[in-house]
Every structure is written in structure tokens, then in C-alpha cells.
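Asker: fold the following.
(chains A and B)
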2 protein chains.
Amino acid sequence: MNGESIDSLARLREQFQKLPGIGPRSAERLAFHVLREPREFAAGLAQAILDVKDKIIHCRTCYNLTETDPCRICADPARDKGEIWVVEQPKDLMALEATGLIRGTYHVLMGHIAPLEGIEPEDLTIDGLIERVRAGSVRELVLALNPTMDGDGTALHLQSLLSEFDVSVTRPARGLAVGSHLEYATVGMLEAAIRARTRM
Amino acid sequence: MNGESIDSLARLREQFQKLPGIGPRSAERLAFHVLREPREFAAGLAQAILDVKDKIIHCRTCYNLTETDPCRICADPARDKGEIWVVEQPKDLMALEATGLIRGTYHVLMGHIAPLEGIEPEDLTIDGLIERVRAGSVRELVLALNPTMDGDGTALHLQSLLSEFDVSVTRPARGLAVGSHLEYATVGMLEAAIRARTRM
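Answerer: Numbers count the residues shown, from 1 in each chain, chains lettered A, B, ... in the order given. Predicted coordinates:
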């Protein structure tokens, strides 16, 4: 539809098209939907978009996404601070958390080591993790990285860094399909992997 | 992903899920995309959403969506005011306009007559159309309604209302596939239909 002469409609279509998986047709359908709905709908959507940028920060302990620092998990006295689940991304944390099986806390690396993509260890939150281990009281580190080449490489790097500390380093059982991504695993697959985690 | 503990992220996901064709997975992907992009991106998207509601009105002559009244087409002295293309929806107008072949103006009915859905002639902008014809100077009305049962029924109703006026009533050639919707026609299909329009 190129005969568009309404600036604001064209602009909204362009904005929607910048979102992943939204093509020209979908963007147009979404723009017309917003136009048809009451203004409260548009206001709610617009506010939600801004809030995500304005309210969400990283927890300075575990680097999870949060609206408070420390995050709800780090601040929860019922969580076992001696057990840290190390994940690549906040989405991985959410997937694990959704199982309801984790009684420990987390550490989000914010990625994995990938020299070919220019991602070096110092680009991740590894220093923060080592600091938490050095502070003592950590008994077990579960390296819940993606079962991919980059995830495994990062796990090996962490394992060697951690060898000097008196801490048990484990990883979830390879019930996860190799090459898949943790964030897309079902709760059942994650549950199997969590329960059968092995010493590395 | 049910382990969500970040209010603003959960709220944005819910808002995205209210959009047509956006399921839970897509909504989550979109929400994380907004979170990752710079704040200017979020601000641009939010503003575009509000602008569509705040700036767009209906032209009081042709009922097209517009940011000015009269709309750009009605206000354009180069457009032939003696030729009115009658369409069901603003999207249909945009589809016709995209061909670049229309030198006349438009009239958007804002729907079609559909008694079973409770849409009666008085729910459409038919009065406004008759007024424009009564004012004189209209030579030709092209009933470019969808080639569907409802579109044809509406066209017949208009034809009988218009029979008392000295105006030529035509319709686009049935190059349009019967049962399809005008807004999804290609420019080529529309072009054939426009060029071969027949007297009704």
C-alpha cells in the first residue's frame, strides 16, 4: 500500500516494521489496529514501551533484569546464597525460574565467550562472579550455559578460573538437546536437566 | 516463560499480545527487542502509537483518514471533483490511490450494508455522498466496493438511491476475483479493473 498520504500512519507502520518478525503487511495491520482501538489502548501500549526502557536495570549482584537493586531473587532471604546458577542471558534465568525448582540464586554472564564475534571474557560479568565466589559462602556453581560450542567453551573457561576456589562446579545434565537454546526448552526438559546435573 | 518477575516487562508483553497476530512467544520477543534497543527507539515507537490516535481524523467531505480537514485529496485543485470513487474502507482508497491512476476524488462509506450484522444504510456515510451529488458538478460515481455479496448489495442500494440524479454510475470491471478483498489486490489487478470499468 504505497498510496499512503497520512504521515502519522506511515510513521507508525515504519516503526512497527523495525520490530523483529514484523513485515510490511503485519506492520500495516498493526498500525490500523491501533488506529481503530480506543485511545486508552494506544496510551497503555506506549507507556508499557517506555516503562521497559525507563524502569528496568541490571541487578548489581547477579546482573538479572530488575526494577529494584538488588533484584527480588538476590533480596529474598529464603533463597540459598550458597548455590549460584550461572546463565548466559536473563531469558535463560527466567526459563530456569519458571520450573520452580531453583532454590539458589543466579549469575547472568550477559553472553558467552566468542572470540570470532569479538566477545572476550572481559566483556562478560565474569569478574563479578569471581568476586561473589571469593567473598566465600558459595558452595556450588551450576554452569547452566547453553549446550552449544560457545556455551561449552565459556563453561571450560569458567571451570579453569574457578579451580583455585573451594567450590563445587556442576552443570545441568545433558538432557538438553545439544545445539538447542535454553530459552526455548520446555519445563519438562529443563526439569530433567536440573535434577540430573553432574559434577564437571 | 512464567518465571517473569519484572512488572514492566510482563506488562509490555501483555500489551503486545493484544495486537492482532501476536502470540505469547512473539510478544515476548518484541518486548525483549524494545528492552535491548536504545531509548530513542522506544520513544519513537511510543510517540508514533499516540500520534496515530491523536492526529488522525476523518475528512468531513470524503471521510478518508487524514490529519487535515479537508484531506489532501479533497483539497487538491488538480483532482477532478466531478468523478467520485466510492469505497468501503480507507484501506481500499489507499489501494486505489497506490495505482496512481485515479484523477478524481473519493467517498469512503465506512463499511457496507449488512443487515445480519446490524449494519444499516444509515450507519454508513451515504447521506454525505448523496449531499455531494445533490450539490451538482458530479458527473460520474464509480462504485468501487468489494466484489462480495455485501459489496454488491451496497452497490445496488446506492444505484437505486442515485437513479433520480443526472449522474453516471459505473463500477470497476470484474477483473477483481469475486469473493476477494480489494485491499489485498495487486496493483496490476486493480489497474485492469480500473481501466475496464463498466456502466451499471
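Asker: grab the longest helix from chain A for me.
Answerer: Secondary structure of chain A per DSSP state H: the longest helix is helix A:39-55.
Asker: and that helix, what does it pack onto?
Answerer: With contacts defined as 3 or more C-beta pairs under 8 Å, 6 or more residues apart in numbering or on different chains; DSSP states H and E, the packing partners of helix A:39-55 are helix A:24-36, helix B:7-17, helix B:24-36, helix B:39-55. Bear in mind the C-beta positions are built from the backbone N, C-alpha and C, glycine included.
Asker: I'd like the ones you listed as JSON lines, with mean neighbour count and mean pLDDT appended.
Answerer: Below are the helices and strands packed on helix A:39-55 laid out as JSON lines (neighbours: other C-beta atoms under 10 Å in any protein chain shown; pLDDT from 0 to 100):
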{"stretch": "helix A:24-36", "mean neighbour count": "18", "mean pLDDT": "93"}
{"stretch": "helix B:7-17", "mean neighbour count": "21", "mean pLDDT": "94"}
{"stretch": "helix B:24-36", "mean neighbour count": "18", "mean pLDDT": "93"}
{"stretch": "helix B:39-55", "mean neighbour count": "19", "mean pLDDT": "95"}
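Asker: quick one: the strand ranked longest in chain A near chain B?
Answerer: Secondary structure assigned by DSSP state E gives strand A:80-87 as the longest strand of chain A. No: using C-beta under 8 Å from any C-beta of the partner chain, strand A:80-87 stays clear of chain B, with a minimum separation of 11.8 Å.
Asker: who touches that strand?
Answerer: The contact list for strand A:80-87 (C-beta atoms under 8 Å, 6 or more residues apart in numbering or on different chains) reads A:62, A:93, A:96, A:102-109, A:129, A:132-133, A:137-145, A:158, A:182.
Asker: kindly report the same for stretch A:40-48.
Answerer: Contacts for stretch A:40-48 (C-beta under 8 Å, 6+ apart): A:34, B:8, B:11-12, B:14-16, B:18, B:45-47, B:49-50, B:52-53.
Asker: now, the most widely separated pair of these?
Answerer: B:Ser8 and B:Val52 (22.5 Å; C-beta to C-beta).
Asker: coming back round to it: can I get the helices and strands packed on helix A:39-55 in CSV with distance to B:Pro172?
Answerer: What follows is those, written out as CSV (distance: least, C-beta to C-beta, whole Å):
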stretch, distance to B:Pro172
helix A:24-36, 22
helix B:7-17, 38
helix B:24-36, 37
helix B:39-55, 29
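Asker: which one of those helices lies closest to B:Leu116?
Answerer: Comparing these by C-beta to C-beta, helix A:24-36 comes nearest, at 21.5 Å.
Asker: may I have the closest one exported as CSV, CA atoms only?
Answerer: Only the C-alpha atoms of helix A:24-36 are listed here, as CSV (Å, rounded to 0.1, in the frame of the first residue of the first chain):
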residue,chain,number,x,y,z
PRO,A,24,5.2,-4.6,5.8
ARG,A,25,1.8,-6.3,5.8
SER,A,26,1.9,-7.1,9.5
ALA,A,27,3.1,-3.5,10.3
GLU,A,28,0.2,-2.1,8.3
ARG,A,29,-2.3,-4.4,10.1
LEU,A,30,-0.9,-3.4,13.5
ALA,A,31,-1.0,0.3,12.6
PHE,A,32,-4.6,0.1,11.6
HIS,A,33,-5.4,-1.9,14.7
VAL,A,34,-4.0,0.9,16.9
LEU,A,35,-6.0,3.4,14.9
ARG,A,36,-9.2,1.5,15.5
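Asker: distance from the chain centre to that helix, please.
Answerer: Centroid displacement of helix A:24-36 relative to its chain, using C-alpha atoms, centre = their mean, to the nearest Å, is 30 Å.
Asker: hmm, it in reach of chain B?
Answerer: Yes: contact of helix A:24-36 with chain B (C-beta under 8 Å from any C-beta) involves A:26, A:29-35.
Asker: just put those residues in TSV and tack on distance to A:Gly188.
Answerer: Listed next are those as TSV, based on distance: C-beta to C-beta, whole Å:
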residue	distance to A:Gly188
A:Ser26	32
A:Arg29	35
A:Leu30	34
A:Ala31	39
A:Phe32	40
A:His33	35
A:Val34	38
A:Leu35	42
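Asker: so which strand or helix has A:Ala95?
Answerer: helix A:90-97 (DSSP states H and E).
Asker: tell me the mean pLDDT for whatever helix or strand comes next after that helix?
Answerer: Moving toward the C-terminus from helix A:90-97, the next helix or strand (DSSP H and E) is strand A:104-108. If you average the pLDDT over strand A:104-108, you get 96.
Asker: what angle do strand A:104-108 and strand A:80-87 make?
Answerer: Comparing the axes of strand A:104-108 and strand A:80-87 via axes from the mean of the first three to the mean of the last three C-alpha atoms, to 10 degrees yields an angle of 40 degrees.
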